[in-house]
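**Q** The amino acid sequence is not available; the structure is as follows:
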């Protein structure tokens, strides 16, 4: 369908080079492993395979929204299909086993060529790619049985417009995000308002595309209820990136005006906000909603790991605004700031930062 | 599904540069225009929209097999949807108008990035890409209503194995195709046998994927019944390419052994052969089968056009075998030979070279 919203795209780094998303997405993968048990549980308890097996259609359609280029998406899709197949078997429906069709979705600017050439050769599904923003319709009505999205819904469809206006109270001078120290309240409000619009569209469109009884499992960065929006890991990340850019502006490597006009189109929601939006939509019941810690290791990831991971995921947005040539410098500076911070005791006391949600279409 | 056949891929030139398929596929497009009327007619007379509109599912799925990178595939898909929509309207089924989902299929090595970023912004369908060879399953059972394929089925899944064996009677020394002057009969037999296998697989897999009542429209290079396999345009094309390569071997620019071991994995079938294969498959009725002339112009295309068109479509196969660096030279030589030939009277007497087939799944 035509997509008049034309949302901005912020592709992960393509290819398979040293800074590629393919080689630097193991933190996201670790996150996926941590929540695998929760996804399995949602399928086992809430996915109505009896109902699906009684229809004339023998295809089960699964979409991964914001899939990027693998391998995480391949692992996630394989996991879902494994558990669904086990459920068919355990319910005595082995003879009704459906064929699976997986729709890998991301922006048209995503590196689908890499995605397609790296598909697992032995896969229990028919693979398809779907280009386009998930803040709009992507699939025919009632055509999906399972929707998965991991670490994609934090990306807004665009930077809130008020932030581009020098005369607005939401002009975020010298900062790059609402989580930065001293960002005006108006900045946070503009972000919240954009997120509300985007998530409303997301839920409305998915409600149309999912069959009744279908499941949607969302994993996204999250912030616990009742703590300030600008705290913990979120603040650290964006402060360090913002300070690195401001240092470079002060040294004349980039212009201050460039920093002033740059804001990350990323929002980190609380369970309370998500619950309100889902309830307002009215087409889903919340089967599970839980904040978890994305890292299984006690220490958390090293500064090197955090830097590579941020670069793979956010380098594209920075390049787009500031140009490719400054990327090494930005992340070198980020790395040093993170390294200093890691030695502080407060670095060990980060709250749970990931939100798992399982919704059923009713 | 896993694809154990692992057919070879021969992608068209990607991107949108001077030698790209995108910019050099207007001959194929002209061919599409010539057969548009036949496709429209097949839909109007044989596509059972009443039946489809009476099922609970409200999605009509169309696949373009071997779509390459556009724009031809976009034009073809739009045409099909326009006519189907008209048919719904003319049959009083406007209120049952389905949503359309188009599956753009080609090898995983096709430039899907270019395909996806050049999709028409205003399109009356949900777009998806399907990577993989059509000589194997690509879609769930009974999931497609319309299959289209234009100028793709002439590509064999691989060069017949006998042609790689120096001790075989099908060793094609100094030639690059069965249509070359003096190619042994065994070479042609090896090609025919490979085509028979490939087309059998193609029809078997499509029979599984198409719903009963679904239509399949195929457009491919063809050779009229009862004329020698090595004649006309086919012979001219491959002779000129083969002679260009042999000239270069004689001048030491490439090795003769390289030419000996190279054969184009292309087969041009007659209506009679196709009819036999469709009848042997048994799942389709032939609604129409007709040889036509691909060019609406009296003169036919210029040598420049033929050269650019061949280069966009076949340059990839030649590069893969001989290396990128010889491509300019090969096609310069081809162009000169074609230019000389164009001044001869025999160049005006080419037979119809394109085969249109409309099949209905029964």
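**A** Okay, I see it. Everything numeric here is computed off the predicted structure, so don't read it as measured data.
**Q** Need the contact partners of the longest strand seen in chain A.
**A** Counting by DSSP state E, the longest strand found in chain A is strand A:210-221. By Cβ atoms under 8 Å, 6 or more residues apart in numbering or on different chains, the residues outside strand A:210-221 that reach it are A:31-32, A:35, A:39, A:42-43, A:46-48, A:51-52, A:142-154, A:206, A:234, A:268-269, A:284, A:287, A:353-362. In short, each C-beta sits where N, CA and C put it, glycine included.
**Q** and that strand, how far out from the chain's middle?
**A** From the chain centre to the centre of strand A:210-221 is a distance of 14 Å (Cα atoms, centre = their mean, to the nearest Å).
**Q** So in that sheet, which strands flank it, and in what orientation?
**A** Applying DSSP bridges to the sheet, strand A:210-221 is found paired with strand A:144-150 (parallel), strand A:354-361 (antiparallel).
**Q** export those strands to TSV and tack on mean pLDDT and mean neighbour count?
**A** Below are the strands paired with strand A:210-221 laid out as TSV (pLDDT from 0 to 100; neighbours: other Cβ atoms under 10 Å in any protein chain shown):
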stretch	mean pLDDT	mean neighbour count
strand A:144-150	97	24
strand A:354-361	96	23
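**Q** near chain B, which residues of chain A show up?
**A** Remark: the part of chain A in contact with chain B comprises A:1-3, A:57-59, A:99-101, A:103, A:108-109, A:111-113, A:116-117, A:119, A:121-132, A:137-143, using Cβ under 8 Å from any Cβ of the partner chain.
**Q** ok, 6 Å please
**A** By the rule Cβ under 6 Å from any Cβ of the partner chain, the part of chain A lying against chain B is A:2, A:59, A:99, A:101, A:108, A:112-113, A:116-117, A:122, A:126, A:128-131, A:139-140, A:143.
**Q** count of residues packed around the residue of the stretch 151-300 of chain A found nearest chain B?
**A** Taking Cβ to the nearest Cβ, chain B has its nearest neighbour within the stretch 151-300 of chain A at residue A:209, 9.5 Å off. Residue neighbour count, defined by other Cβ atoms under 10 Å in any protein chain shown, stands at 22 for residue A:209.
**Q** now do residue A:228
**A** Neighbours of residue A:228 using other Cβ under 10 Å come to 11.
**Q** and if you look at residue A:319?
**A** Applying other Cβ under 10 Å, we find 15 residues neighbouring residue A:319.
**Q** buried set for the strand or helix carrying it?
**A** Secondary structure from DSSP states H and E places residue A:319 in helix A:303-322. Residues of helix A:303-322 classed as buried by neighbour count (16 or more other Cβ atoms under 10 Å in any protein chain shown): A:303, A:305-318, A:321-322.
**Q** ok, which stretches of chain A are strands?
**A** Going by DSSP E, chain A shows strands at A:59-65, A:99-106, A:126-131, A:144-150, A:210-221, A:284-292, A:354-361.
**Q** any chance of those strands in TSV, with distance to residue B:176 too?
**A** Listed next are the strands of chain A as TSV, based on distance: least, Cβ to Cβ, whole Å:
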stretch	distance to residue B:176
strand A:59-65	43
strand A:99-106	38
strand A:126-131	34
strand A:144-150	47
strand A:210-221	52
strand A:284-292	60
strand A:354-361	57
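**Q** And the pLDDT for the residue nearest to residue A:60 when sequence neighbours are not counted?
**A** Spatial nearest neighbour of residue A:60, chain neighbours left out: residue A:98 (4.2 Å); criterion: Cβ to Cβ, 6 or more residues apart in numbering or on different chains. At residue A:98, the pLDDT value in this model is 96.
**Q** Residue A:98: what's it in contact with?
**A** Residues near residue A:98 by Cβ atoms under 6 Å, 6 or more residues apart in numbering or on different chains: A:58, A:59, A:60.
**Q** could you redo those residues as JSON lines and give each row pLDDT, neighbour count and distance to residue B:291?
**A** Shown next, in JSON lines, are these (pLDDT from 0 to 100; neighbours: other Cβ atoms under 10 Å in any protein chain shown; distance: Cβ to Cβ, whole Å):
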{"residue": "A:58", "pLDDT": "90", "neighbour count": "15", "distance to residue B:291": "39"}
{"residue": "A:59", "pLDDT": "95", "neighbour count": "18", "distance to residue B:291": "37"}
{"residue": "A:60", "pLDDT": "97", "neighbour count": "27", "distance to residue B:291": "43"}
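**Q** Chain B: which of these is nearest?
**A** Chain B lies nearest to residue A:59 out of these, by Cβ to the nearest Cβ, at 3.9 Å.
**Q** can you tell me how far the residue nearest to residue A:280 when sequence neighbours are not counted sits from residue A:277?
**A** Excluding its sequence neighbours, the residue lying closest to residue A:280 (Cβ to Cβ, 6+ apart) is residue A:200, at 7.4 Å. Counting by Cβ to Cβ, to the nearest Å, the gap from residue A:200 to residue A:277 is 6 Å.
**Q** So these two - more neighbours on which side?
**A** Set residue A:200 next to residue A:277 and count neighbours by other Cβ under 10 Å: residue A:277 wins out with 17 against 14.
**Q** What count of nearby residues applies to residue A:52?
**A** 21.
**Q** How far does stretch A:111-118 sit from its chain's centre?
**A** Distance, stretch centre to chain centre, for stretch A:111-118: 19 Å (Cα atoms, centre = their mean).
**Q** The residue of the stretch 151-300 of chain A closest to chain B against residue A:140, yeah?
**A** No. Between residue A:209 and residue A:140 there is no contact under Cβ atoms under 6 Å: 7.3 Å.
**Q** which one among the contacts of residue A:98 gets closest to residue A:175?
**A** Among the contacts of residue A:98, residue A:60 lies closest to residue A:175 (Cβ to Cβ), at 45.9 Å.
**Q** Could you report the distance from the closest residue to residue A:36 other than its chain neighbours to residue B:165?
**A** Distance criterion Cβ to Cβ, 6+ apart; nearest residue to residue A:36, sequence neighbours excluded, is residue A:79 at 5.8 Å. To residue B:165, residue A:79 is 45 Å away according to Cβ to Cβ.
**Q** The two: who's more crowded?
**A** Higher neighbour count among residue A:79 and residue B:165: residue A:79, with 17 against 12, using other Cβ under 10 Å.
**Q** which among the residues of chain A next to chain B end up buried?
**A** Buried positions within the residues of chain A next to chain B, assessed by neighbour count (16+ other Cβ under 10 Å), are A:59, A:99, A:101, A:108, A:112-113, A:116-117, A:126, A:128-131, A:139-140, A:143.
**Q** Nearest to residue B:193, out of those: which one, please.
**A** Closest to residue B:193, out of all of these and judged by Cβ to Cβ, is residue A:126, at 29.2 Å.
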